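Novice: Got a predicted structure here, sequence first:
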Amino acid sequence: MVEELVTAGAIVVSCGAVYAMAAARVIKQYERGVVLRLGRLRSAVRPPGFTMIVPGFDRLRKVNMQIVTMPVPAQEGITRDNVTVRVDAVVYFKVVDPTDAIIQVEDYRFAVSQMAQTSLRSIIGKSDLDDLLSNREKLNQGLELMIDSPAVGWGVHIDRVEIKDVSLPETMKRSMARQAEADRERRARVINADAELQASKKLAEAAAQMSDTPSALQLRLLQTVMAVAAEKNSTLVLPIPVELLRFLEKGQEAPQPDGTRAAPEPRPADRPSDRPLERPADRPAAAASAGMPELVEPTESRAEPRPRREARTETSPDTVTRRS
């Protein structure tokens, strides 16, 4: 009798141990447990740690609550300004409600991936190429909003979306390089023109200052001569004061003793010897331009020479006799 009781106790202990091993579950700190008993959801979410379920009746589903990094495959599309680009991105999301992540969607990872690809193609079609290259923050916010709207019902929160790379065709890259080069050249020319303008203003101020003190101009001239002579070259500089040229010019225009000014020397084209000979055909045109009546030269009437007629004189014998 005692042996039977011992055997029965051992069997019960063994069954209890097997049951405990089958019912025992361990949930990690970054996980939550959702229990389905006979296919029906249990309201309580199992916290991390040791937990027990009913073997054969309960099914425990563990949900990772960490932030998931999911790369979005490169999507090819046409921008609003008709440029073909290839864009890839990355999505950061996490599960905030494990019950909805299990009940509301079959596979929340696959759902988020497909939604991200669809939203990325939509963003490409609505944006310009310049926005994709320079204004990515705004596009990232729009893409995050488009993915997060349906993901809220799945118990998933989109933490962040980033556009990784924008691939352009080679022809577009060369065109953009030429455009950037032209823009830099334009800015260089504008800066050079601005520098010339500022330099001209400073030179004008210096000229006005030197006009008040002529000696400053002479000193500046001597400094220039010293700068040229300092180098080892064969350049010969002969500075001529500008005042000397002005003095000579005033001397040529000085008045005569009788109160009249000296007539300027005739130019080479005004001398009679240097004037070109006028042809008779040019005289009427010159007279008409001067307002003088046109003189008509008498033309000699030349009669056409008439052909000479040969006079044939018949001599008779009587005439010959008389002459003799």
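Specialist: It's in. Keep in mind the model is a prediction, meaning the values are calculated, not measured.
Novice: which element follows the helix of greatest length in the chain toward the C-terminus?
Specialist: Longest helix in the chain by number of residues, with DSSP state H as the criterion: helix 170-212. Downstream of helix 170-212, the first helix or strand assigned by DSSP states H and E is helix 214-230.
Novice: Just list what that next one packs against, helices and strands only.
Specialist: helix 170-212 (3 or more C-beta pairs under 8 Å, 6 or more residues apart in numbering; DSSP states H and E). Where you see a C-beta, it was placed from the backbone N, CA and C, and this is true even at glycine.
Novice: how big is the angle separating the helix it packs on from helix 214-230?
Specialist: 130 degrees (axes from the mean of the first three to the mean of the last three C-alpha atoms, to 10 degrees).
Novice: tell me what helix 170-212 is packed against?
Specialist: helix 214-230.
Novice: If you count neighbours, what's buried in the helix it packs on?
Specialist: Leu217 (16 or more other C-beta atoms under 10 Å).
Novice: ok so, going back, quick one: the longest helix of the chain to chain centroid distance?
Specialist: Between the centre of helix 170-212 and the centre of its chain there are 18 Å (C-alpha atoms, centre = their mean, to the nearest Å).
Novice: Same question for stretch 39-52.
Specialist: 60 Å.
Novice: Make 30 the first number, not 1, from now on.
Specialist: Noted, 30 is the first residue going forward, which turns the last one into stretch 68-81.
Novice: got the end-to-end distance for that stretch?
Specialist: 17 Å (C-alpha to C-alpha, to the nearest Å).
Novice: Now do it: everything it contacts.
Specialist: 49, 52-65, 87, 89, 127-128, 132 (C-beta atoms under 8 Å, 6 or more residues apart in numbering).
Novice: Please apply the same query to stretch 94-104.
Specialist: 59-61, 115-124, 127, 138, 141-142, 145-146, 149-150, 153, 188, 193-194, 196.
Novice: Could you do stretch 159-172 as well?
Specialist: 108, 114, 116, 118, 145, 148-149, 152-153, 156, 189-192, 195.
Novice: mind listing what's buried in it?
Specialist: Result for stretch 159-172 [16+ other C-beta under 10 Å]: buried residues Asp160, Leu161, Arg165, Leu168, Asn169, Gly171, Leu172.
Novice: mean confidence for the helix or strand in which the first one is found?
Specialist: Spelled out, it's Asp160. Taking DSSP H and E as the criterion, Asp160 maps to helix 158-163. Across helix 158-163, pLDDT averages out at 85.
Novice: Just list the residues touching Ile187, thanks.
Specialist: Val120, Tyr121, Phe122, Val141, Glu173, Ile176, Asp177, Ala180.
Novice: I appreciate the help and will end here.
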